[in-house]
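Student: After the sequence you'll find the predicted model.
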Amino acid sequence: MHAGGQSGKSWTRYLILVGAGFLAVLVWHFGWRDILAAFARVRPWPFVAMLGVLLAGFWIRAWKWRYVLGPGQNAVGLFFLAKTAGSFSPGRVGELAPLLLKRHRNSRVAAWILVDRVLEVVLTLAFGLAGVWALGLTPWNVAAGMTALAGVCGCAGLYLVYRVDLLKPLEARWPEGSRRQRSIALLASLHEEARELGVKAPLILLITALGKVLDVYVGVFLCVAFGYDVSFLLMCAARAAHALVSAIPVTPDATGVPFAAAAVLLHNVAGMPYEVLTAALALEVLIINVTLWLSFLATSPGLIRHSSS
């Protein structure tokens, strides 16, 4: 555990240095005077609206975790632990951080983290695809093919989740107590927990979609605060570009590269200058991280104590 903790701290320091270095290069390239001028022109009320929508998005998702995991599980603290760790890890693998706590190391929490991540990714890509299609950013046949592929993958996923006997033949094939048998048994347990979430699926999907809409409007209000009107659909596409780049192991959010991917799209379509985008997205990164850390510190006083008991 100690070695893993030291490795995690080293990785976090590396990502922070990469992110800081990337920001320094942008400031040097676009000019710190122009970037400061962009900050000076920020409109207060759209900025306040962005803060309110950002907080609402995080806390709606946190309530979703409590709804799924139930009372007495410190679900809100687990949510902020997962999201904070996910921002500083390759491929957002840090979202599995709640499983490092002994009290919460069970198949129910593991299944929910995986299901929630899948739902968030699927809806982000669906919103992004809608934006790309509606704005004509890609040929119609490519968009149609992507939509069809997404539909097939979605149906296949639902089939795998709701097929009751999916893993039983595999589990019975290996000797009792063998490594392969234990691995299949673990997957079967996760599969069963995922299936049991089905009774809560309608509200889970509704809250996830609402959280995604709020996430998009955070970007919309941020751009308005800096003096540029960006449509909901364009921001959907920008958020999807961000998500695709952040999924690459070497470019998580902390490096700043996913925000640059969104910035390129906003520059090319909405005409936002890069110096303004540098200021806006740097401000968004700062606010998101401060919000996550403060929320985590406020909601997780019992996590460490319970995990050691």
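Tutor: Thanks, I have it.

Student: Could you check the pLDDT of residue 186?
Tutor: pLDDT, residue 186: 69.

Student: swap in residue 181?
Tutor: For residue 181, pLDDT reads 66.

Student: go on, residue 249?
Tutor: Reading off the confidence values, residue 249 has pLDDT 74.

Student: How is it assigned, secondary-structure-wise?
Tutor: coil (DSSP: H, G, I helix; E, B strand; the rest coil).

Student: Check residue 218 too.
Tutor: Assignment for residue 218 (three-state DSSP): helix.

Student: you'd agree it is up against residue 54?
Tutor: Yes - under the criterion of C-beta atoms under 8 Å, residue 218 makes contact with residue 54 at 4.9 Å. Yep, even glycine has a C-beta here, placed from its N, CA and C like the rest.

Student: The two - which one has more neighbours?
Tutor: Shown here are residue 218 and residue 54; by other C-beta atoms under 10 Å, residue 218 has more neighbours (24 against 21).

Student: The more buried one: what's it in contact with?
Tutor: Taking C-beta atoms under 8 Å, 6 or more residues apart in numbering as the contact definition, residue 218 lies against 50, 53, 54, 57, 284.

Student: change it to 10 Å
Tutor: 49-58, 235, 239, 284, 287-288 (C-beta atoms under 10 Å, 6 or more residues apart in numbering).

Student: re the thing from before, between residue 218 and residue 54, what contacts are shared?
Tutor: Here residue 218 and residue 54 have 284, 287, 288 as joint contacts, going by C-beta under 10 Å, 6+ apart.

Student: Low-confidence stretches in the stretch 51-200 of the chain?
Tutor: Applying pLDDT under 70 to the stretch 51-200 of the chain flags residues 91, 158-183, 185-186.

Student: Show me the helices in it, by range?
Tutor: Under the criterion DSSP state H, counting those that start in this stretch, the stretch 51-200 of the chain contains helices at 75-87, 107-135, 140-162, 168-173, 179-196.

Student: Would you agree residue 132 is in contact with residue 142?
Tutor: Yes - counting by C-beta atoms under 10 Å, residue 132 does reach residue 142; the two are 9.0 Å apart.

Student: Alright, I will stop here.
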